[in-house]
Each structure stands twice: as structure tokens, then as C-alpha cells.
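below is the sequence, then the predicted model.
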Amino acid sequence: MVIQHNLSAINANRMDGIVEINLSKSAEKLSSGYRINRAADDAAGFSMSEKMRRQIRGLSQASDNAQDGISMVQTAEGALHEVNEMLHRMNELCVKAANGTLKSEDRGYIQDEISQITKEIDRVGVSTSFNNIMLLDGLPQTKATAVAATATVNGGTGQVTQATENEDAKYTINNLQRGDVVYIPANGSNPAKYLKYASDQDVADYNQQWANYESSGGTAPTERDGSTSDKAKLITSENELLNEIAWNLLRVNLAANTDVANGASARYTKGASQTVFDIHFSGPLPITLQVGSEKGHTFSFEINAVSASTLGVADINVKDEDGSGGMDGIEKVKNAINTNSMERAKLGAVQNRLEHIIKNLDNVVENTTASESRIRDTDMASEMQYYANTKIIAQAGQTVLAQANQSKQGVLNLLQ
């Protein structure tokens, strides 16, 4: 019998320490709900769980990204819907203008509304945005060639000057007076155009010449189609003249830049003494959405620029004597509606695809989360059973340790 080393007590104390550690870990698992609270709990399981967590959180964000993409597409498609409504109204006006019961003056009133619709289509194209991203203005593209233009003002030249910039072709023209003629040069298959800022008397005289010809015969008056200087198109409205200049500058610049521009829009700003025309080149706006948790898991689509020029309705003019402008307008608006509807259909298909992407992402997140849960989460029923068993063992160990500490008390009897 020895008293220096109580081996039974040492053994009981060691076992009690092990049980206390196990009890503490079990209590931690029960209180946290996780089977793995640190890498030491299950090194392999911890590594797998962390990889799954990265994937789950990445896929959840990718699902949100795709939902944002749907919102962007819906914004663009909603704007195109309104453009469609304007085109339908324009078609009604062209059909009305083609009717033989109207005079040129009546068709002029119709043209005023068509011009306003044209401007609104352009405004929608340059103002529709999502998170400050312009959706229908296209991607700015560098011009290859900027076409020169001149104006003849009271016998002088050089009133139209061109400023060169990286993306746009800009022109500045001094404010015109009655009798001034603006010349837009030919380019490719696009003929030159002469536009005269006419007085009301000029137009009245021209109409009277036609009236005299129709009643008395003789030599027909010169057709004012704008093809030559002596056939300069007569325009009495300043706004109509500026619109005509903008359209014709756009027309010749598009012809000169077919290799870089899929579309363009013409804008002008009238100042106190000058008007600045901005020909804005644009191609499709590329959108790339991150719809996965890994590099390269992307979805890309394009939104085409929308303007009266890209739709082909910027040059509709129904103000004539015979309704031929209305006839031409009907065909142009029909093509524009088809073009706009195709773009809307494309965006609708993109939205449907994004909805499928979201469903798949959410499914992957759900199943990956289930797998990660099996690795990392605590099985509460099993752990409670283990905790209760360990607690009983801990209590029994403490009792045995107390008994072991008392086992050497018998030595005192030998010393009496």
C-alpha cells in the first residue's frame, strides 16, 4: 500500500477530464446548432463545408443579379411598348394624310403631330435609363468619317462649321434668316439636299403657280424637292427647318459610317445666335450579367439603340398635295413597328431565359444548402442523447474520483 501516488484517483481524474471536454463540446454543438464549430471538429468536413458556403452565397448573389437583369429588361421593354403606341398613332396619321379629301394645309396639321411624335421617340431613346445606365441610346462608337456641310446665306458661305470629336459629329450653324438656303452634300446613294427658309409669301407664290398651271395649263412650276439649288425645298417653320437639317445631317453621316455605326440619333440645341447639331453614333448596348458563382458564368445580351432614325420614320413628311407622303409613311411606319416589335420580342425572350436561370440557381442553392447542412449542422436528437449519456458518465466519474481520494484513508489505521 503506497500513499505517494494515488493511481486510482489519477486515473479517475484523467477520465473525468476527458468526459468534461466531451461534455463541453457537446454543449457547444447543442447551443450553436453546428456540428462543426472549428476546423478541429472535422477537418475534412470543415473544408467541404466552407467550399459549399462560398458556392451558396455566390449563387444567391447571382440569383439577385439575374433579378436585377430582369428589372433592366422590363424597363427597356416598357419604353419600347410606349414607342410602339406612338408608332401606331403615327400610322393612323399617315393613313389619314393619304386620304384624298384633305388639302395640303390639312396635311400640314397632321405633319405637326407626326413631328412631335418623332421628337418624343428620340427623347425616349436618349432618356430611358436603369441605375443611370442609358438603355436605348446605344453604345457610343467612334466615327470614321464626319461629312462636311455648308450653308449659303445671302450669297455668303461657311455658316455651317464642323467640330470634330471622338464619338459624335457636331455642326454649328448661325441662326438663319428668311431666304437663306442650307446645303447638305450627297454621300453614296444619298443625294444632296437644299433647304430654303422660306417666307409665307414664297409658299403662297409657289402654290399660286401650281393653281395657275392646273387651271390654265402651260409650263409646270419647278418641283421643290430639294434636289438642286433652284429646287430648294421651301420650309416656313423654323422648327421644321431645324428638324430637316438634323435629319439630313444624320442621313449623310450614317451613309459615311456604315462600318462603325449600327444606329445614330440627331439632336440640336438652339441658342441665342447659333444652333448646334449633334450626330450621335451608337451601336447595340452590350449587357453582361454574372449569373453564377464562378468566373465565366455569365449571360450576355444586347439592347439596340432606338430613335426615329433607326426605326426609319424620322423623314416622314405627309405635307403635300396628293397624299403620296402619307402613302410612303404608311410603309415606313409598318416597317418601324416590325423592327420595334422584334426588339421587344428579343427582350421578352431574354427575360424568360433569366427567369429560368433564377429558378435553376435557386434549385442549386437549395440542394447545396441541404448538403452543407448534413455536413455542418448538429443532429439535435442524436446530440442530446450523447449529451445526456456523457453527463451521467461525468457525474459517475466525479463520484468515483471522490471514492478514490478516500481509498488511502485506511493507512491511518496502521499508524495508530
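On my side now, so go ahead.

show me the helices in the stretch 151-300 of the chain, by range?
Ranges of helices within the stretch 151-300 of the chain are 200-216, 238-256, based on DSSP state H, counting those that start in this stretch.

what is the burial count for E223?
Residues contacting E223 under the criterion other CB atoms under 10 Å number 10. All C-beta spots, glycine's among them, are computed from the backbone N, C-alpha and C.

that one reaches K231, doesn't it?
Yes - using CB atoms under 8 Å, E223 is in contact with K231, at 6.2 Å.

pLDDT of stretch 95-102, averaged?
Mean pLDDT, stretch 95-102: 92.

quick one: end-to-end length of that stretch, please.
The straight-line separation of the ends of stretch 95-102 (CA to CA, to the nearest Å) is 11 Å.

and that stretch, what's buried?
Across stretch 95-102, burial judged by 16 or more other CB atoms under 10 Å covers K96, A97, A98, L102.

so what's the last one up against?
Think L102. Taking CB atoms under 8 Å, 6 or more residues apart in numbering, we find L102 in contact with K96, I110, G323.

check the first one too.
With contacts taken as CB under 8 Å, 6+ apart, K96 has the following neighbours: L102, I110, G326.

and those residues as a markdown table, adding secondary structure and distance to D377?
Below are those laid out as a markdown table (DSSP: H, G, I helix; E, B strand; the rest coil; distance: CB to CB, whole Å):
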| residue | secondary structure | distance to D377 |
| --- | --- | --- |
| L102 | coil | 78 |
| I110 | helix | 72 |
| G326 | helix | 73 |
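
of these, closest to N335?
G326 (15.3 Å; CB to CB).

count of neighbours near that closest one?
25.

you'd agree P185 is up against L249?
No - here P185 lies out of contact with L249, judged by CB under 8 Å, at a distance of 10.1 Å.

neighbour count: the two, which is higher?
Applying other CB under 10 Å to P185 and L249 shows that L249 carries more neighbours, namely 28 against 14.

I173 versus that one, what's the distance?
Applying CB to CB, to the nearest Å, the value for L249 to I173 is 10 Å.

overlap in contacts, these two.
Common contact partners of L249 and I173 (CB under 8 Å, 6+ apart): F277.

for I235, which non-adjacent residue is closest in space?
L241 (4.5 Å; CB to CB, 6 or more residues apart in numbering).

residues touching that neighbour, list them.
So L241 contacts L176, V182, L195, Y197, I235 (CB under 8 Å, 6+ apart).

just give me the neighbour total for the last one.
Residues lying near I235 (other CB under 10 Å) number 23.

just E321 next, same as before
13.

measure the residue nearest to A336 when sequence neighbours are not counted to L249 for me?
Closest residue to A336 apart from its sequence neighbours, by CB to CB, 6+ apart: L311 at 4.0 Å. Distance check for L311 against L249: by CB to CB, it reads 18 Å.

all strands of the protein, in order?
Under the criterion DSSP state E, strands of the chain are mapped to 129-130, 133-134, 139-140, 150-152, 160-164, 168-174, 181-184, 193-197, 233-235, 263-270, 274-283, 285-290, 298-303.

on that earlier part again, what sits against the residue nearest to A336?
V83, L87, I121, A336, T339, N340.

for it, give its distance to T339.
L311 is 6 Å from T339, by CB to CB.

same question, A370
Using CB to CB, A370 is found at 48 Å from T339.

of these two, which one has the most company?
The neighbour comparison of A370 against T339 (other CB under 10 Å) goes to T339, with 17 against 10.

chain neighbours aside, what residue packs nearest to S71?
F130 (7.0 Å).

tally of neighbours for the one you found?
16.

identify the bridge partners of it.
Here F130 shows beta-bridge partners I133, assigned using DSSP bridges.

ok, it touching V73?
No - in this structure, F130 is not within contact of V73 by CB under 8 Å, at 9.1 Å.

mean pLDDT added to the helices of the stretch 151-300 of the chain, as CSV?
Listed next are those as CSV, based on pLDDT from 0 to 100:
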stretch, mean pLDDT
helix 200-216, 79
helix 238-256, 77
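
distance to I330 for these - can I get that in CSV?
Shown next, in CSV, are the helices of the stretch 151-300 of the chain (distance: least, CB to CB, whole Å):
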stretch, distance to I330
helix 200-216, 25
helix 238-256, 19
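
distance from whichever helix in the chain runs longest to the middle of the chain?
Scanning the chain for the longest helix, with DSSP state H as the assignment, gives helix 43-97. Computed by CA atoms, centre = their mean, to the nearest Å, the chain-centroid distance of helix 43-97 equals 9 Å.

could you give the angle of it to strand 298-303?
Between helix 43-97 and strand 298-303, the angle comes out at 10 degrees (axes from the mean of the first three to the mean of the last three CA atoms, to 10 degrees).

what's the angle between helix 43-97 and strand 285-290?
Using the same axes, to 10 degrees, one finds that helix 43-97 and strand 285-290 are set 160 degrees apart in direction.
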